[in-house]
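Colleague: Everything below, folded, please.
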Amino acid sequence: MKERIMKHFLLVTIILIVTLMTSYGQEVAVKTNLLYDATTTLNLGFEFGLGKRWTMDLSGNYNPWKFGKYRLKHWLIQPEFRYWFCEKFNGHFIGLHGHYAEYNVGGLFFNDNMRNNRYQGHLYGAGISYGYQWVLNNRWNLGATIGVGYARLKDDKYPRAVCGEKIRTESHNYWGVTKAGVTIVYIIK
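Modeller: Residues are numbered from 1 along each chain as shown. Reported below is the predicted structural model:
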């Protein structure tokens, strides 16, 4: 099941990228999310102009680190179609995003369960977002976005101990924040 979802997700992403490379409005933006940077998550995003008020954002994130007893290993891909109320890369926008991630997290301070256990699995889902970009000059923007939606998680739970045996496999439904960002944007025309 997991492999089938990943293959479909990659196929859709490849089709979107090929479509975008031949699309109207060849403006492209390169960006990084400062919130992810603050969690040591490497990230890079590209946003392609599709028309006067439409763009396609494709962001990827990767965190390979383990810090002592804390583990926040994951990778995430999050494509999003955006509609801009004034003009692309300027002002208010709304978006529709999807997401797929694989993770291995544990030892975190959120609650006793996350502090004492490790979760390894994947998630997928979709959501809606709202954002705003401030034009700083011809090439640079500062953006902010927040999104809410759904994610389906399937993971294995382990004790945080070294070589701990699997406690259980379970699936969860999550409704809530699915996207957040403060981004530095460089526009290539």
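
Colleague: measure the nearest residue to G98 once chain neighbours are set aside to L72 for me?
Modeller: Closest residue to G98 apart from its sequence neighbours, by CB to CB, 6 or more residues apart in numbering: A126 at 4.8 Å. In this view, the C-beta of every residue, glycine as well, is placed from N, C-alpha and C. Distance of A126 to L72, given as CB to CB, to the nearest Å: 23 Å.

Colleague: Quickly note the distance from the residue nearest to G98 to K66.
Modeller: Distance, A126 to K66, by CB to CB: 30 Å.

Colleague: circling back to that earlier point, which helices and strands sit right next to the helix or strand encompassing the residue nearest to G98?
Modeller: In this structure, A126 sits in strand 117-135 according to DSSP states H and E. Counting contacts by 3 or more CB pairs under 8 Å, 6 or more residues apart in numbering; DSSP states H and E, strand 117-135 packs against helix 2-21, strand 70-84, strand 91-106, strand 140-159, strand 168-188.

Colleague: Which among the ones you listed is found nearest to L42?
Modeller: The minimum distance between L42 and these falls on strand 70-84, with 9.4 Å, by CB to CB.

Colleague: Given that closest one, what are its sheet partners and their directions?
Modeller: strand 54-63 (antiparallel), strand 66-67 (antiparallel), strand 91-106 (antiparallel) (DSSP bridges).

Colleague: Name the residue closest to the centre of the chain, please.
Modeller: Central residue of the chain (CA atoms, centre = their mean): Q78, 4.1 Å from the mean position.

Colleague: What is the neighbour count of the residue nearest to G98?
Modeller: Neighbour count of A126, defined by other CB atoms under 10 Å: 16.

Colleague: Who does the residue nearest to the centre of the chain form a beta bridge with?
Modeller: S59.

Colleague: wait, what's in contact with it?
Modeller: 57-61, 97-99, 179 (CB atoms under 8 Å, 6 or more residues apart in numbering).

Colleague: now do E165
Modeller: 158-159.

Colleague: if we can go back for a sec, distance to G164 for the strands paired with strand 70-84 - can I get that in a markdown table?
Modeller: Output for those, formatted as a markdown table (distance: least, CB to CB, whole Å):
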| stretch | distance to G164 |
| --- | --- |
| strand 54-63 | 21 |
| strand 66-67 | 15 |
| strand 91-106 | 10 |
